[in-house]
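Undergrad: Build me a model:
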Amino acid sequence: MEVPRGAGKGDAKVVAADLMVRARAGDGDAFRELIDPYRQELQVHCYRMLGSLQDAEDALQDTLLAAWRGLEGFEGRASLRTWLYRIATNRCLNARRSASRRLAKEWDVPNVEPPEPTRLGEVVWLEPFPDALLDGAVDAPLGPEARYEQTESISLAFITALQVLPPRRIAVLILRDVLGFHANEVAELLNSTVESVKSALKRARTSLSRRWPPTDDRLPPPARDSPAEAATVAKFVRAWESADLDALVALLTDDIFMSMPPMPFEYEGRDVVARFCASLFRAGRRFDLVPTRANGQPAFGAYLRTTTGISHGVGLYVLSLTGDRICAMTRFDNSVLPWFGLPRSLAST
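TA: This is a model prediction of the structure:
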């Protein structure tokens, strides 16, 4: 919602009130202008709740449709933003309770026999979130109860840990600890009581700590687009594109974690991850990598070279860094490449 330069809060309220009157009268343009300032942060909220970009987009569209249809019922007791979060949260809760989640996919890499996975992952519906969609969304104002940095709470590790929480607990934890709403506001949003919210939050924090333990003993990741991040990323690209296993292994932490949704295979530890990468390289698979970013982390479209001179997109790799090492690597299938503006194929370099 654009406010003329030099306009004050009173002017902004007048503009918003005018848009509300016009929107309630059926003016779709006024409704879009009223809602647009919150659209991106609502999409990120739905993504945190659901772990899937496609599901989040569906929930966002349901939210906007419900807001359009229910605008007459908006009484202004809470802010428009809070009212929209109430609708979005309940749409996501319905989706979590009734969704037929994406099914696990069988191993489908030809001529590659992977090592036995460390375990089979539960969150096979996980999808990456393009950084291009985060612009402005992670700068949204937070309430005083927020415990996490916005960039931290969009990381793949955090999103994955959230997905195993029961629906109500995930909603309470996000509203309280990520967005910073007060307990009484959350109770209002969820048609609950403050006591129930506090109880759910305590259980959610306990469960989350098991899945996403504190990383105080780890070095923080280098700053986005910093020389330190660029140096580590460049080493990874050189090692992966040249199939240099020794150089790749030198970049990995001892407890490196690798997953590949929607395939449930998960590998934990440098030795087994090295064996997995060796199985790819032994099969003669060679790749070109195209940089992008997902979930606030370095990412790459992976393109398999062929004898025809065309490299075909086979997936997206997302890296988690600690200091100058890689502590996690997530591989998604090639269906996500268009979300990042990446082509299905490219000329081999």
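
Undergrad: List every C-alpha atom in stretch 342-349, with coordinates, as PDB.
TA: Taking C-alpha atoms only, stretch 342-349 is exported to PDB below (Å, rounded to 0.1, in the frame of the first residue of the first chain):
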ATOM      1  CA  LEU A 342      16.400 -22.300 -13.900                       C
ATOM      2  CA  PRO A 343      16.000 -24.100 -17.300                       C
ATOM      3  CA  ARG A 344      15.300 -27.800 -17.700                       C
ATOM      4  CA  SER A 345      18.500 -28.200 -19.800                       C
ATOM      5  CA  LEU A 346      21.500 -26.100 -20.900                       C
ATOM      6  CA  ALA A 347      24.500 -26.300 -23.200                       C
ATOM      7  CA  SER A 348      27.400 -28.200 -21.600                       C
ATOM      8  CA  THR A 349      30.400 -26.000 -20.600                       C
END
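
Undergrad: Residues contacting it, please?
TA: The contact list for stretch 342-349 (Cβ atoms under 8 Å, 6 or more residues apart in numbering) reads 288, 290, 292, 301, 303, 305-306, 309-313, 316, 334, 337-338. (C-beta placed from N, C-alpha, C; glycine too.)

Undergrad: Ok, stretch 188-201 next?
TA: 78, 82, 85-86, 89-90, 168-169, 171-173, 175-177, 181, 183-184, 186-187.

Undergrad: can I get the CA coordinates of it in PDB?
TA: Once non-C-alpha atoms are left out, stretch 188-201 reads as follows in PDB (Å, rounded to 0.1, in the frame of the first residue of the first chain):
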ATOM      1  CA  GLU A 188      -7.600 -15.400  20.000                       C
ATOM      2  CA  LEU A 189      -6.200 -16.500  16.700                       C
ATOM      3  CA  LEU A 190      -6.700 -20.200  17.500                       C
ATOM      4  CA  ASN A 191     -10.100 -19.900  19.400                       C
ATOM      5  CA  SER A 192      -8.300 -21.300  22.400                       C
ATOM      6  CA  THR A 193      -7.300 -20.300  25.900                       C
ATOM      7  CA  VAL A 194      -4.000 -18.800  27.100                       C
ATOM      8  CA  GLU A 195      -3.400 -21.800  29.400                       C
ATOM      9  CA  SER A 196      -3.800 -24.200  26.400                       C
ATOM     10  CA  VAL A 197      -1.500 -22.100  24.300                       C
ATOM     11  CA  LYS A 198       1.200 -22.100  27.000                       C
ATOM     12  CA  SER A 199       0.900 -25.900  27.400                       C
ATOM     13  CA  ALA A 200       1.100 -26.500  23.600                       C
ATOM     14  CA  LEU A 201       4.100 -24.100  23.300                       C
END
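
Undergrad: Buried residues, that stretch. List them.
TA: Buried positions in stretch 188-201, judged by neighbour count with 16 or more other Cβ atoms under 10 Å: Glu188, Leu189, Leu190, Ser192, Val197, Ala200, Leu201.

Undergrad: Also stretch 62-80?
TA: Buried, per 16+ other Cβ under 10 Å, within stretch 62-80: Asp62, Thr63, Leu64, Ala67, Leu71, Phe74, Leu80.

Undergrad: Reformat those as a markdown table; add pLDDT.
TA: What follows is these, written out as a markdown table (pLDDT from 0 to 100):
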| residue | pLDDT |
| --- | --- |
| Asp62 | 97 |
| Thr63 | 97 |
| Leu64 | 96 |
| Ala67 | 94 |
| Leu71 | 90 |
| Phe74 | 87 |
| Leu80 | 92 |
